[in-house]
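In: for reference, the sequence and a predicted model appear below.
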There are 4 protein chains.
Amino acid sequence: MKKLHIPSMVKNNQKIQKRRNQILEASIQPFKQKGFHRTTTREIAENAGMSFGAIYEYVESKEDILYLFFESLYDQLNTILKSRVSDQFKGHDRIRSFVKEYFHVINEIWDETSIMYSESRSLPKPYLEYVLSKENDFVQYVMSIFSKALKEEKISLSEDDIYLLTHNIIVQGHMWAFRGWALRKRYTLEKYIDIQSKTIIGSILALTE
Amino acid sequence: MKKLHIPSMVKNNQKIQKRRNQILEASIQPFKQKGFHRTTTREIAENAGMSFGAIYEYVESKEDILYLFFESLYDQLNTILKSRVSDQFKGHDRIRSFVKEYFHVINEIWDETSIMYSESRSLPKPYLEYVLSKENDFVQYVMSIFSKALKEEKISLSEDDIYLLTHNIIVQGHMWAFRGWALRKRYTLEKYIDIQSKTIIGSILALTE
Amino acid sequence: MKKLHIPSMVKNNQKIQKRRNQILEASIQPFKQKGFHRTTTREIAENAGMSFGAIYEYVESKEDILYLFFESLYDQLNTILKSRVSDQFKGHDRIRSFVKEYFHVINEIWDETSIMYSESRSLPKPYLEYVLSKENDFVQYVMSIFSKALKEEKISLSEDDIYLLTHNIIVQGHMWAFRGWALRKRYTLEKYIDIQSKTIIGSILALTE
Amino acid sequence: MKKLHIPSMVKNNQKIQKRRNQILEASIQPFKQKGFHRTTTREIAENAGMSFGAIYEYVESKEDILYLFFESLYDQLNTILKSRVSDQFKGHDRIRSFVKEYFHVINEIWDETSIMYSESRSLPKPYLEYVLSKENDFVQYVMSIFSKALKEEKISLSEDDIYLLTHNIIVQGHMWAFRGWALRKRYTLEKYIDIQSKTIIGSILALTE
DNA sequence: GATGAATGAGCCTTCATTCAT
DNA sequence: CATGAATGAAGGCTCATTCAT
């Protein structure tokens, strides 16, 4: 599914990019703290260092901002991940390596991930569809890596098992963000990665026989 | 942490209980569909079959409703779970049995669980603290069961491992609700319970040596 | 064409009637002075002696007010006219008598008539259709009186001539309102009626041979 | 009353003339369709093929455009009329001839005439005065022609009668524009001119004895 | 002179909450 | 206790106007 086109009053594409980034960055803090609905456009504008009239040069509605937020979130996730995930590891190591990189990214876009969980319901219908399709794409991507690793280990699991394990991995990543209030007290990211890698490998073995 | 006291204009405690339940039940649908903020008090009143003035006889603000919602959610979770979780299974079976009961409850309060994820940020600070304490209590409760099972299996894991496995279990339950859009297409609840039970046992084994 | 239904939050029909009248009365002055667009809802509310939130209990949008304004205008025109136009005069006297009554009504709803001319373009499409249909009804009504009078005089004119004379009469009425700035300086209403009655009778005769 | 001076940033008078005409032409369509207030300066600029900053080089405010619109309307009316109205007809024929030319002009500036009726209230006070003075001038002009014709017919009417007949003629012209929705269905311009000429002559006769 | 991004006053509308009945 | 009309703070958005380039 292609990105939805959010019209802008401004022609210059570079400026649009730059300004929208400003807007997004300015949104994260208040979205995280008070949620989308309690965040005012005036507030976003102020945070972004622009007049609130300016926002509407780059966006048609407050909901557009939320959409752009999600879009950017998936962009970051994909871009960063693809740049870091290497092909040099095989089998379980491929999984360990992926988990490590993935959890690291989540740790970097921690706030955004939390917001994702609370605010997807605030998205208007067509936008929500886009986001779900992106999430699906991501599931497919993780699943492909996962399957490759299993093949390398000569492990054969049912599609259903693989699919669920994939969701488990993804959600364990998110968990680091949305349960941060509990987990960060006890674990460093490295420790968290270490344990969860083991649970994942353990899960695979448990499903194999 | 004790329940917060939500003042009411009405004295009769039974009536308060009854009316507040009406209000809560009336809230679930719109909260699920459009979220807390887009749901109006008028709508809740209408759904609850009372005048919208009446709501304010039993609640001091819209946020109170959300708080009562969370309170009731944890009450249900605890009450139902405690009534169903039996002590007759030992070891891994204790875990399997608990997971089964827990996931069943989640399946019954599916909507509420989803709402919990989207709307916790909508709670005013003091309320949020209560909710987090409730969540902590629940973690402790699950952990106690889990520990007992491990002891019965003579498995000794570090507190850190146990704690994380506990969170994993809890989140896997929530997942059934908040990832329902993907999971329900592929799994029945029974199937989901079956696979996840295995991944959990697998995780335990992986963390043991 | 039946009146369009403008929903109201309030149930009590009598109250709706009363409040809407307040709103309409409060609108005339500012609409006349500055036009619909420059008139703010706050201003209307203030003039009407109610809070501006109250307005939205009785109306769904500012445009609704304008619609109600037109509706009321035609209602008044029809009601007053029908109560005053008598059947006791025949022929030219019927016309003279009608013109007199009609122009008197216009004189009483002077401001409203002027507003009608400036603001019909401000009406949303479906409302505009209603207004045009009302205007058509009025044309038909005047034409019927006019035709009766001609028959009584045994004058036979083509439909086209009658139709145009009807429009002329109607517009001459409006003129008293929208050209008031010029006409009132020179003519009393009685004088205006007197001259225009003659021009109308003269027009009839000129079209007859 | 002399034309009001609308300041411009630009010196070159010819350019001002050209650009302002562009602006005016670009305004007619949207003014007609949606009215002055709903028409945005951006829209006008776009229609005029210039940047919307440019407008403010030739005009100081949006209202100025409306003023220029009225000014141009009267200019056109006068210019065209004076070029066409000939002195070769005498008496009633002078009237018939004038009516014909006048109604033809109205037919050509149909849209502008309609706009005049809806938007005069949108003009700021001092501008409105100018417009009324222009309208007065036009009344005087028509009255002079009319008087001449009456003199040629040796008909003597009171000033009051003449003045009102003049207004009638003028408004019958406008009517062709602002009641076009009803009249055009039934009459060609020629037919309309034909009937109205008769009603006017008839009116004169009726006022003579 | 022209451009078009930026500004921010101002407006409509919503909706939680109050309070007279 | 219940009702529902009234209140008005607050927020999203528009758009005329300015001004740096």
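Out: Sure thing, it's come through.

In: interface residues of chain A facing DNA strand F?
Out: A:Arg38, A:Thr39, A:Thr40, A:Thr41, A:Arg42, A:Phe52, A:Gly53, A:Tyr56, A:Glu60, A:Ser61, A:Lys62, A:Glu63 (CB under 7 Å from any atom of the strand). For every residue, glycine as well, the C-beta is placed using N, CA and C.

In: please identify which of those is nearest to DNA strand E.
Out: A:Gly53 (1.8 Å; CB to the nearest atom of the strand).

In: would you quantify the distance from the closest one to A:Thr40?
Out: 14 Å (CB to CB, to the nearest Å).

In: and the two? Which one has more around it.
Out: Of the pair A:Gly53 and A:Thr40, A:Thr40 is the one with more neighbours under other CB atoms under 10 Å in any protein chain shown, namely 13 against 9.

In: which parts of chain A belong to which domain?
Out: A:6-60, A:62-207 (automatic domain parsing).

In: any idea which of the ones you listed gets closest to C:Gln196?
Out: Nearest to C:Gln196 among those is domain A:6-60; the distance by CB to CB comes to 53.1 Å.

In: need the distance between the two termini of that closest one.
Out: 7 Å (CA to CA, to the nearest Å).

In: off-centre distance for whichever helix or strand A:Leu164 is part of?
Out: Using DSSP states H and E, A:Leu164 falls within helix A:159-178. Distance of helix A:159-178 from the chain centroid (CA atoms, centre = their mean, to the nearest Å) equals 13 Å.

In: so for the following helix or strand past it, what gets flagged as buried?
Out: Where DSSP H and E defines the elements, the next helix or strand beyond helix A:159-178 is helix A:180-183. In terms of neighbour count (16 or more other CB atoms under 10 Å in any protein chain shown), helix A:180-183 has its buried residues at A:Gly180, A:Ala182, A:Leu183.

In: contacts for helix A:180-183 next, please.
Out: Residues outside helix A:180-183 that contact it (CB atoms under 8 Å, 6 or more residues apart in numbering or on different chains) are A:Trp110, A:Ser114, A:Met175, A:Trp176, A:Tyr192, B:Leu132, B:Glu135, B:Asn136, B:Val139, B:Leu164, B:His167.

In: quick one: contacts for the nearest residue in space to the third one that is not next to it in sequence?
Out: Distances taken as CB to CB, 6 or more residues apart in numbering or on different chains place B:Val171 nearest to A:Met175, at 5.4 Å, with adjacent residues excluded. Applying CB under 8 Å, 6+ apart, one finds that B:Val171 lies in contact with A:Val171, A:Gln172, A:Met175, A:Arg179.

In: phi and psi next, for the last one.
Out: With angles defined as degrees, to the nearest 10, A:Arg179 shows backbone torsions of phi -110, psi 20.

In: quick check: it touching B:His167?
Out: Yes. Under the criterion of CB atoms under 8 Å, A:Arg179 makes contact with B:His167 at 6.1 Å.

In: now do the buried residues in stretch A:170-188.
Out: For stretch A:170-188, a neighbour-count test (16+ other CB under 10 Å) marks A:170-180, A:182-183, A:187 as buried.

In: top helix in chain A by residue count?
Out: helix A:125-152 (DSSP state H).

In: for A:Gln22, what are its contacts?
Out: With CB under 8 Å, 6+ apart, A:Gln22 has these contacts: A:Ala48, A:Gly49, A:Met50.

In: strands along chain A, start to end?
Out: For chain A, no strands are identified by DSSP state E.

In: and which of the contacts of B:Val171 is nearest to DNA strand E?
Out: A:Arg179 (29.3 Å).

In: measure the closest residue to A:Leu164 other than its chain neighbours to B:Ile204 for me?
Out: Once flanking residues are discounted, A:Leu164 sits nearest to B:Ile195: 5.3 Å by CB to CB, 6+ apart. From B:Ile195 across to B:Ile204, the span is 15 Å (CB to CB).

In: quick check: the gap between the residue nearest to A:Thr113 when sequence neighbours are not counted and A:Leu205.
Out: In this structure, A:Thr113 finds its nearest non-sequential neighbour in A:Ala177, 3.8 Å apart by CB to CB, 6+ apart. According to CB to CB, A:Ala177 and A:Leu205 sit 27 Å apart.

In: just A:Glu101 next, same as before
Out: In terms of CB to CB, A:Glu101 sits 22 Å off from A:Leu205.

In: can you give me the helices in chain A?
Out: Going by DSSP H, chain A shows helices at A:13-38, A:41-48, A:52-58, A:62-84, A:91-108, A:110-119, A:125-152, A:159-178, A:180-183, A:189-207.

In: could I get those helices as CSV with distance to D:Gln22?
Out: What follows is those, written out as CSV (distance: least, CB to CB, whole Å):
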stretch, distance to D:Gln22
helix A:13-38, 28
helix A:41-48, 35
helix A:52-58, 25
helix A:62-84, 34
helix A:91-108, 54
helix A:110-119, 47
helix A:125-152, 39
helix A:159-178, 57
helix A:180-183, 61
helix A:189-207, 64
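
In: output the ones you listed as a markdown table; include the columns mean pLDDT.
Out: As requested, the helices of chain A are arranged in a markdown table below (pLDDT from 0 to 100):
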| stretch | mean pLDDT |
| --- | --- |
| helix A:13-38 | 95 |
| helix A:41-48 | 96 |
| helix A:52-58 | 96 |
| helix A:62-84 | 96 |
| helix A:91-108 | 97 |
| helix A:110-119 | 94 |
| helix A:125-152 | 96 |
| helix A:159-178 | 97 |
| helix A:180-183 | 95 |
| helix A:189-207 | 97 |
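
In: got phi/psi on the residue in chain A that chain D sits nearest to?
Out: Nearest residue of chain A to chain D, counting by CB to the nearest CB: A:Met9, 8.8 Å away. Note on A:Met9: backbone dihedrals following degrees, to the nearest 10 are phi -70, psi -20.

In: ok, A:Ser156 next?
Out: phi -120, psi 120.

In: so who does it touch?
Out: Contacts of A:Ser156 (CB under 8 Å, 6+ apart): A:Leu150, A:Thr208.

In: number of nearby residues for the residue of chain A found nearest chain C?
Out: Using CB to the nearest CB, the closest approach of chain A to chain C is made by A:Ser61 at 18.9 Å. A:Ser61: 12 surrounding residues under other CB under 10 Å.

In: next up, the contacts around it.
Out: No residues are in contact with A:Ser61 under the rule CB under 8 Å, 6+ apart.

In: the same query, at a cut-off of 10 Å, please.
Out: By CB atoms under 10 Å, 6 or more residues apart in numbering or on different chains, the contact set of A:Ser61 is A:Ile6, A:Thr41, A:Tyr67, A:Pro124.

In: measure it to B:Met1 for me?
Out: Taking CB to CB, one finds A:Ser61 at 40 Å from B:Met1.
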